[in-house]
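1. Sequence plus the predicted model coming up.
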Amino acid sequence: KEISAGIRRRSAVLDVKRAENVCVLREDPDQRKDRMSVLPKSQILSGKFREISLTRIQKFDILKKQENANVFYFFEKCGNVCENPDFDAERRCEMKSVTLKDVARAAGVSYSTVSRALSDSPQIGQETRERIRRLCDEMGYTKNYIARSMVMKKTDLIGLVVPSIDNHYMSELAYYAEVRAQARGYNIMLCNSAPDLRQERTVVQLLVNRQVDGILIVPQEHHSCEDLKPYADQVPMVFLSEDLRDQPQSCVTTDNARGAYLGVEYLYSLGHRDILYFGRRRAVTHQLRAEGYLQACRDMGLTPRVVDSSFSRSSPEGGYEMAKELFRKPIDYTAIFASTDSNALGIMRAADEMGIQIPEQLSLMGFDNISASALSRIDLTTVEQSKREMATQAVDILLNKIERGTRGYVHQILMPSLIKRGSCRM
């Protein structure tokens, strides 16, 4: 036991190839005790043992003639011989969760005392409670949420599915959703649904199998809600960003048509009469934004000009590629209204490379108000859809379903606002 404890204390991993003779400490399940033996390196490298972890032991009485020897702690139940000095095989082999009983034993108190201390029971004194909590931290004790969820029939987990977390808008939306969920006592399990509907269905199925209490999802496409209906019947679900007013599913989105109308209205007030809309896609959200642009053009007597996007997602890279192609043609417009801020960032890059000055030669407006748009060298005028408000309301709607068993569905449409910066001018 003394040697076993010493091995656990000294966890520096050594390379078996550098050893001469090695001391091997083996567990003997039949004798219920450890055995120490000395073996040549050839036997170790031959793979005779299934698993050995490597530790340096210094100056144990039983190892008088082999001080500083390479010692291997043997586990009958593990995998192959570990010859990688950078791999902590001992840690893997001894992987065992610290339990309340372990904490109680170390603290010299009963199991029930530890349990009450961690649940802030008034039956346990403050000093004892702090000592037990400090000991839990030192020992690395963590709650067994699987066992807890089986008893409580609740995991306190919310699944969040987004098409791509590397999208600026999606990452900010995910951040605010997590902030709100944690404030309400829940944690977020984040999944990417890219690149297609099959993956979206796969990750939703994964979350349902993981017994999450509910799911927030930014859908790949408008009809994703129909494809995911079998899962929506099993677990509460709320959709974000996509306008699903024609579907019997709860959703929180922005009035995208109104936002685009506001943008054109502002550019018109600055004197622009040739306004190009950049990046229309087939997604319903983008169709609504384009519809808002077209309605504003009709109301203000402008000739609409639209550049469609062939990309499935908005990104600075996609915006850059489209803008390079656009700028090779004569620029007979005075302003560009980009369908997203990501596209606008790509337009800025292309304009800079081709010597087109913004806003001196060309005004530029975006949509979304991602955090990068406020940077001083970007200073992008944009239409904001409040990601914080959208995420907060979506989480609250979902938790009403989870905690109160709320039936039916809610369509929450948020009003956009105009953010005036320096990328537009008269």
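-> Ah, there it is. Numbers count the residues shown, from 1 in each chain.

2. Give me the contacts around stretch 102-117.
-> Contacting residues not belonging to stretch 102-117 are listed as 100-101, 123-124, 128-129, 131-133, 135-136, 139, 141 [C-beta atoms under 8 Å, 6 or more residues apart in numbering]. Using the backbone N, CA and C atoms, a C-beta is placed for each residue, glycine as well.

3. Counting neighbours, what do you get for Met426?
-> Using other C-beta atoms under 10 Å, Met426 has 9 other residues around it.

4. residues contacting it?
-> Leu270, Gly271 are the contacts of Met426 under C-beta under 8 Å, 6+ apart.

5. swap in Ala232?
-> Ala232 makes contact with Cys225, Gln249 under the criterion C-beta under 8 Å, 6+ apart.

6. redo that, cut-off 10 Å
-> The contact partners of Ala232, by C-beta atoms under 10 Å, 6 or more residues apart in numbering, come to Val204, Val208, Ile215, Ile217, Cys225, Glu226, Val238, Phe239, Pro248, Gln249, Ser250, Tyr409.

7. so who does the residue nearest to the fourth one when sequence neighbours are not counted touch?
-> On the basis of C-beta to C-beta, 6 or more residues apart in numbering, the spatially nearest residue to Ile217 that is not a chain neighbour turns out to be Val161, at 4.2 Å. Contact partners of Val161, counting by C-beta under 10 Å, 6+ apart, are 174, 189-193, 199-200, 203-204, 206-207, 215-220, 224, 228, 237, 239-240.

8. I'd like the contacts of stretch 102-117 laid out as CSV, including secondary structure.
-> What follows is the contacts of stretch 102-117, written out as CSV (DSSP: H, G, I helix; E, B strand; the rest coil):
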residue, secondary structure
Leu100, helix
Lys101, helix
Gln123, coil
Ile124, coil
Thr128, helix
Arg129, helix
Arg131, helix
Ile132, helix
Arg133, helix
Leu135, helix
Cys136, helix
Met139, helix
Tyr141, coil
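
9. helix/strand/coil for Phe278?
-> Assigned with three-state DSSP, Phe278 falls in the strand class.

10. how close does it get to Ser241?
-> Plainly put, Phe278 is 20 Å away from Ser241 if you go by C-beta to C-beta, to the nearest Å.

11. pLDDT below threshold where in the stretch 51-200 of the chain?
-> Applying pLDDT under 70 to the stretch 51-200 of the chain flags residues 51-96, 144-152.

12. Give me the neighbour count for Leu216.
-> When neighbours are counted by other C-beta under 10 Å, Leu216 registers 27.

13. who's the most centrally placed residue in the chain bridged to?
-> Centroid-nearest residue in the chain, with C-alpha atoms, centre = their mean: Leu190, separated by 4.1 Å. Beta-bridge partners recorded for Leu190 (DSSP bridges): Leu160.

14. quick one, what contacts it?
-> Residues near Leu190 by C-beta under 10 Å, 6+ apart: Ile158, Gly159, Leu160, Val161, Val162, Ile165, Ser171, Ala174, Ala177, Glu178, Val203, Leu216.

15. Same check on Gln295?
-> Contact analysis of Gln295 by C-beta under 10 Å, 6+ apart lists Ala257, Arg258, Ala260, Tyr261, Val264, Pro304.

16. Nearest residue to the first one in space, ignoring adjacent ones along the chain?
-> The shortest distance from Ala257 to any non-neighbouring residue, by C-beta to C-beta, 6+ apart, is to Gly292 (3.6 Å).

17. State the three-state secondary structure for that neighbour.
-> Following three-state DSSP, Gly292 is assigned to helix.

18. What is the burial count for it?
-> Close neighbours of Gly292, defined as other C-beta under 10 Å, add up to 26.

19. doesn't Asp255 make contact with it?
-> Yes. Counting by C-beta atoms under 10 Å, Gly292 touches Asp255, with 8.5 Å between them.

20. Now do the shared contacts for the two.
-> Tyr261, Leu262, Pro416.

21. Those, buried ones only, as a PyMOL selection?
-> Buried residues within the shared contacts of Gly292 and Asp255, by 16 or more other C-beta atoms under 10 Å, are selected in PyMOL with:
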select buried, resi 261+262+416
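
22. Now tabulate the shared contacts of Gly292 and Asp255 in CSV and tack on pLDDT and secondary structure.
-> Below are the shared contacts of Gly292 and Asp255 laid out as CSV (pLDDT from 0 to 100; DSSP: H, G, I helix; E, B strand; the rest coil):
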residue, pLDDT, secondary structure
Tyr261, 98, helix
Leu262, 97, helix
Pro416, 96, coil
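
23. What is the nearest of the shared contacts of Gly292 and Asp255 to Gly185?
-> Nearest to Gly185 out of these is Pro416 (C-beta to C-beta; 31.0 Å).

24. so who does the closest residue to the closest one other than its chain neighbours touch?
-> Computed as C-beta to C-beta, 6+ apart, the closest residue to Pro416 that is not its neighbour in sequence is Gly259, at 3.5 Å. With contacts defined as C-beta under 10 Å, 6+ apart, Gly259 is in contact with 288-289, 292-293, 367-368, 382-385, 414-418.

25. Just the CA coordinates for the strand or helix carrying Gly259, please, in PDB.
-> Element membership of Gly259, judged by DSSP states H and E, is helix 256-269. Output in PDB follows, covering the C-alpha atoms of helix 256-269 (Å, rounded to 0.1, in the frame of the first residue of the first chain):
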ATOM      1  CA  ASN A 256     -36.800  41.600 -41.500                       C
ATOM      2  CA  ALA A 257     -38.900  43.400 -44.100                       C
ATOM      3  CA  ARG A 258     -39.300  46.300 -41.800                       C
ATOM      4  CA  GLY A 259     -35.600  46.400 -41.200                       C
ATOM      5  CA  ALA A 260     -34.800  46.600 -44.900                       C
ATOM      6  CA  TYR A 261     -37.400  49.300 -45.400                       C
ATOM      7  CA  LEU A 262     -35.700  51.300 -42.600                       C
ATOM      8  CA  GLY A 263     -32.300  51.000 -44.300                       C
ATOM      9  CA  VAL A 264     -33.500  52.200 -47.700                       C
ATOM     10  CA  GLU A 265     -35.500  55.000 -46.100                       C
ATOM     11  CA  TYR A 266     -32.300  56.200 -44.400                       C
ATOM     12  CA  LEU A 267     -30.200  56.000 -47.600                       C
ATOM     13  CA  TYR A 268     -32.900  57.900 -49.400                       C
ATOM     14  CA  SER A 269     -32.900  60.600 -46.800                       C
END
